[in-house]
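Engineer: Kindly generate the corresponding structure for this input.
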Amino acid sequence: MMSHGVDPRLSDYRYLKWSHRRNSSGTVGTFLKAYEERYGKKIYYKMSDFDYERGVIGHECINEIIADRLFYLLGIDHLNYRLLHAKVEVDGKEFETWILASDDFKRPGESKIALDDFYDLFKRENETRMQFMKRMGWEGLSYLMYVADFLIINRDRHGANIEVLKDGESYRMAPLFDHGLSFLFSCKSDEEAERFDPMRDVPVQSFTGSRSLFENVKSIPVEKLPRLRRLEEDDRSIIFENLDKILSPSFLDKIWEIIMKRWQYYENLRHQG
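Structural biologist: The predicted structure follows:
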């Protein structure tokens, strides 16, 4: 049974054909993606960091479902994901793993374009990326991205991970998606997870911002800091439901520490005004 986006039943997805995309994070491995059409709708799938000798070596898909649940609780518009326990086949080899599924966020008649390409097409002379976002009416969305990425330590909000949806002469920003390179994605052991500083300011890619998550969130004018729903200790059980058999207690404890400490930091920042 699907519960808060996680289906623990082992299902056969060996029919999916996976396309290869090299890991851009600087680590060894590959991100695999696939899609299928059902009843006229596309369903997109992706796998955590994958190595052809060892199978799945990352936990980016689990990070996505944690971010999904967190953003739901906080009231941040985002793409919903489903985490599926799956048998898959890659280049003739079978693996048992967890994959992520999502529906197409385009409405009928819409097309999509990456924000960096959209900016290159329509920017004015000497117009910065943030000036462009303000002119398009997307300043608030930029600030919301800063906050969302700060809370989950998302390292990868480059211009291709933000999309613009077009319908005729009408444009809108797609919901936030692709949060896998977040939390403890760089940690491969419980010891590394336990040593991780939850307030670490790691180098990040941010299309409209700097390389610092702290600088980005502090750059938001106080009166424009997005107001989020309150987080409570009881929310931990919602965020981590059905994940205790997938991630170790060390990882779950540290991710919760990251979430709460960064949320408290942000709330203190917001109330300073």
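Engineer: C-alpha from now on. contacts and neighbour counts both.
Structural biologist: Noted.
Engineer: Give me the nearest residue to G140, chain neighbours excluded.
Structural biologist: K224 (7.4 Å; C-alpha to C-alpha, 6 or more residues apart in numbering).
Engineer: ugh, wrong one, L151
Structural biologist: Nearest to L151 is R262, by C-alpha to C-alpha, 6+ apart, at 5.5 Å.
Engineer: list the contacts for the one you found?
Structural biologist: F150, L151, P198, M199 (C-alpha atoms under 8 Å, 6 or more residues apart in numbering).
Engineer: thinking again about what came up before, what number of residues lie near the residue nearest to G140?
Structural biologist: 12 (other C-alpha atoms under 10 Å).
Engineer: One more: R157?
Structural biologist: For R157, using other C-alpha under 10 Å, the count is 22.
Engineer: separation between it and R82?
Structural biologist: 21 Å (C-alpha to C-alpha, to the nearest Å).
Engineer: other SSEs contacting the biggest strand by length in the chain?
Structural biologist: Ordering each strand of the chain by length in residues (DSSP state E) puts strand 93-103 first. Applying 3 or more C-alpha pairs under 8 Å, 6 or more residues apart in numbering; DSSP states H and E, one finds that strand 93-103 contacts strand 41-47, helix 60-74, strand 82-90.
Engineer: Pull the shortest one out as CSV, backbone CA atoms only.
Structural biologist: I take that to be strand 41-47. Output of strand 41-47 as CSV, limited to C-alpha atoms (Å, rounded to 0.1, in the frame of the first residue of the first chain):
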residue,chain,number,x,y,z
LYS,A,41,0.0,10.6,-19.5
LYS,A,42,3.7,10.5,-19.0
ILE,A,43,5.3,9.1,-15.8
TYR,A,44,8.9,9.9,-15.2
TYR,A,45,11.3,7.7,-13.3
LYS,A,46,14.8,8.1,-11.9
MET,A,47,17.3,6.2,-9.9
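Engineer: tell me the mean pLDDT over whatever helix or strand comes next after that strand?
Structural biologist: Moving toward the C-terminus from strand 41-47, the next helix or strand (DSSP states H and E) is strand 50-51. Computed over strand 50-51, the mean pLDDT rounds to 90.
Engineer: now stretch 213-232
Structural biologist: Mean predicted confidence for stretch 213-232 is 97.
Engineer: what's the neighbour count on the nearest residue to R69 once chain neighbours are set aside?
Structural biologist: Spatial nearest neighbour of R69, excluding adjacent residues (C-alpha to C-alpha, 6+ apart): I239 at 5.5 Å. Per other C-alpha under 10 Å, the neighbour tally for I239 reads 21.
Engineer: so what pLDDT did I239 get?
Structural biologist: 97.
Engineer: ok, and the closest non-adjacent residue to the residue nearest to the spatial centre of the chain?
Structural biologist: Taking C-alpha atoms, centre = their mean, the centroid of the chain lies closest to H179, which sits 1.4 Å from it. Leaving aside its chain neighbours, H179 sits nearest to E64 (5.4 Å; criterion: C-alpha to C-alpha, 6+ apart).
Engineer: Hmm, N80 and the one you found touching each other?
Structural biologist: No - using C-alpha atoms under 8 Å, E64 makes no contact with N80, being 9.2 Å away.
Engineer: and these two? which has more neighbours close in?
Structural biologist: Using other C-alpha under 10 Å as the criterion, E64 and N80 rank with E64 on top: 26 against 20.
Engineer: separation between that one and N268?
Structural biologist: Distance from E64 to N268, by C-alpha to C-alpha: 26 Å.
Engineer: and if you look at N242?
Structural biologist: Relative to N268, and taking C-alpha to C-alpha, N242 is found at 31 Å.
Engineer: so what pLDDT did the most far-flung residue of the chain relative to its centre get?
Structural biologist: Taking C-alpha atoms, centre = their mean, the residue of the chain most remote from its mean C-alpha position is E125, at 31.9 Å. pLDDT for E125: 97.
Engineer: now H20
Structural biologist: pLDDT, H20: 70.
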